[in-house]
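Peer 1: Return atomic coordinates for the entry below.
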Amino acid sequence: MDEIVEKLRADYDAVAYEAWEHFHAHPDRIAAAAAVRGLVPPPVDRCRVLEVACGIGGNLLPMAEQMPGSRFVGIDLSPRQIESGSAIVRELGLTNIELRCQDLMDFPEDAGDFDYIIAHGFYSWVPKPVRQKLMNVCQRHLAKNGLAFISYNTLPGWRTKGVIRDMMLYNARGVTNPAERVKCGREIVQFVAEHVVGTNYYRDLLREFEPSVVNGDDSYVLHEHLAAVNEPLYVRDFVSDAKAYGLALVGDANAKDEYWERIPAALRERILKMSGDVAEREQYVDFLMNRAFRRSVLCRTEAGGDATDAAVNQIRKLHVAGKPVEKPAGVNAAGQAIFQFGTEPEVVQLSDPRPIAAMRYLYRAWPSAVPFSELAAVAFAHSPAGQTDPEKNAVALSHVIETCRVLGVVELWSRPTDFIAPAAGQYPRATRVARWQAAHQPSITSLRHLRIKTDDLLRRIVPLLDGTRDRDAIGAEMAQHPDQTIDSILGGLASASLLLGE
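Peer 2: Purely as a prediction, here's the structure:
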């Protein structure tokens, strides 16, 4: 195993995997995923977070600035990545984050408890003893109500990707230089995709994956397809591994990946008859969906587990945000107008004026998240005659919001989003991290923890948003930008969740 670990270290030192934010690997998303299942997650704005395989700390840096009351620790095997990340931490003056060059196998017993443990892009890419050590760290260091986020490649879906990996490894056999290995891997995929014979599934598979391999970053190709280790696993086995360390599956951090909620009721009944527990249920779902990747949230066994039947009740304790695109969708049998919300193919159609009013209210409130109680009051104000029971109204709305959640039409937050400015103030301000990224990176991280690709406009204006310039001063410096007023530019930044609240 030592030889494999050294190879992993050498690859990451040679070609850094400089990933920044991962939307679902954020305590806000993890907490919301747990809250809808009846768990009480640790407060996000005053928590302790550990990230394993943190790279340069790109996922943690935006969190550290946005949540000054929380503490962040990132560990990584690569000295090069930790040195780069630590330099950024010092440059930005962040004091609540520490990046350590550390082998997980040497994780100290006296490290204390963490409310959130994050391991994104790690579990499938390390030897089995290291996977077991991660579970052990979660068992020993996860706080009482703490939550762990672990992503991994899954079977059966990743088995088809394994065909691509196998041919790349074969063509790069004997090549030690990482850049040359990437070149060899790309060449074979491109060659086979161009010359494969016939119109079969194999040809379609190759042509589907060719763009991501040929056009993907060197770091992605090296560390995903040419990694020393890449072991996909069945979700049933992942849950079994977690159970051995006193951990239970909560669900998926990405609501859109909760396919169970989207399966017809009759099919769910059949799967339940075939399943002995939640792990088996999820395994049958993965078979149906040919799932290749999961973002699982775990908790201590005694803290709870799966409680999806409570989702519509728990939603009423949370905040809801969304900018659902609306368009007419005809009329129903009763002559009521139907409106569609969302983006194809993930849409919900509504004819009841109450949830329609709620969806429109969310759109106007964007980028702010709205307390469910406020949203329910809006819906209740549009109740038809004779339907004036506020409790029934709230229950009905919670079902609509749950449907919208699993479709990705709305998102849930465990806390208010007053740190996101709903509109540009007189002295608009972006985070230090975003200002640094605009000057050094091809993308910046929004306050929603989403990646926004930079262009000339963003590279020019975001570094100016340090809170010392008023709108007139910013407008004067941006005067050479044609066809856009400073009001429209700043309005766009606010809508993109790039401006800090007062």
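
Peer 1: Can you list the low-confidence ranges for the stretch 101-250 of the chain?
Peer 2: Residue ranges of the stretch 101-250 of the chain with pLDDT under 70: 199.

Peer 1: switch the cut-off to 90
Peer 2: For the stretch 101-250 of the chain, residues meeting the criterion pLDDT under 90 lie at 160-161, 163, 176, 178-179, 193-225, 227-228.

Peer 1: in it, which spans are helices?
Peer 2: All helices of the stretch 101-250 of the chain, identified by DSSP state H, counting those that start in this stretch, fall at 128-141, 157-171, 178-195, 201-214, 218-220, 235-243.

Peer 1: Which one of these lies nearest to Lys323?
Peer 2: Nearest of the helices of the stretch 101-250 of the chain to Lys323, taken as Cβ to Cβ: helix 201-214 at 28.1 Å. (C-beta placed from N, C-alpha, C; glycine too.)

Peer 1: which strands and helices sit next to the closest one?
Peer 2: helix 157-171, helix 178-195 (3 or more Cβ pairs under 8 Å, 6 or more residues apart in numbering; DSSP states H and E).

Peer 1: which other residues reach the longest one?
Peer 2: Residues outside helix 178-195 that contact it (Cβ atoms under 8 Å, 6 or more residues apart in numbering) are 11, 14-15, 164, 167-172, 175, 203, 206-207, 209-210, 213-214, 218, 221-222, 225-226.

Peer 1: cutoff 6 Å now
Peer 2: 11, 14-15, 167-168, 171-172, 175, 206-207, 210, 213-214, 218, 221-222, 226 (Cβ atoms under 6 Å, 6 or more residues apart in numbering).

Peer 1: swap in the first one?
Peer 2: The contact list for helix 157-171 (Cβ under 6 Å, 6+ apart) reads 184-185, 188, 205, 209, 225-226, 232, 290-292.

Peer 1: Make JSON lines out of those residues and add neighbour count.
Peer 2: Below are the contacts of helix 157-171 laid out as JSON lines (neighbours: other Cβ atoms under 10 Å):
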{"residue": "Cys184", "neighbour count": "20"}
{"residue": "Gly185", "neighbour count": "26"}
{"residue": "Ile188", "neighbour count": "17"}
{"residue": "Leu205", "neighbour count": "16"}
{"residue": "Phe209", "neighbour count": "19"}
{"residue": "His225", "neighbour count": "26"}
{"residue": "Leu226", "neighbour count": "22"}
{"residue": "Pro232", "neighbour count": "19"}
{"residue": "Asn290", "neighbour count": "13"}
{"residue": "Arg291", "neighbour count": "20"}
{"residue": "Ala292", "neighbour count": "17"}
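
Peer 1: quick one: the closest residue to Val197 other than its chain neighbours and Phe191, what's the gap?
Peer 2: Spatially, and ignoring its direct neighbours in sequence, Val197 is nearest to Arg203 (7.7 Å; Cβ to Cβ, 6 or more residues apart in numbering). To Phe191, Arg203 is 13 Å away according to Cβ to Cβ, to the nearest Å.

Peer 1: Also Arg451?
Peer 2: From Arg451 to Phe191 the distance is 32 Å (Cβ to Cβ).

Peer 1: repeat for Tyr361
Peer 2: Note on Tyr361: its distance to Phe191, by Cβ to Cβ, is 54 Å.
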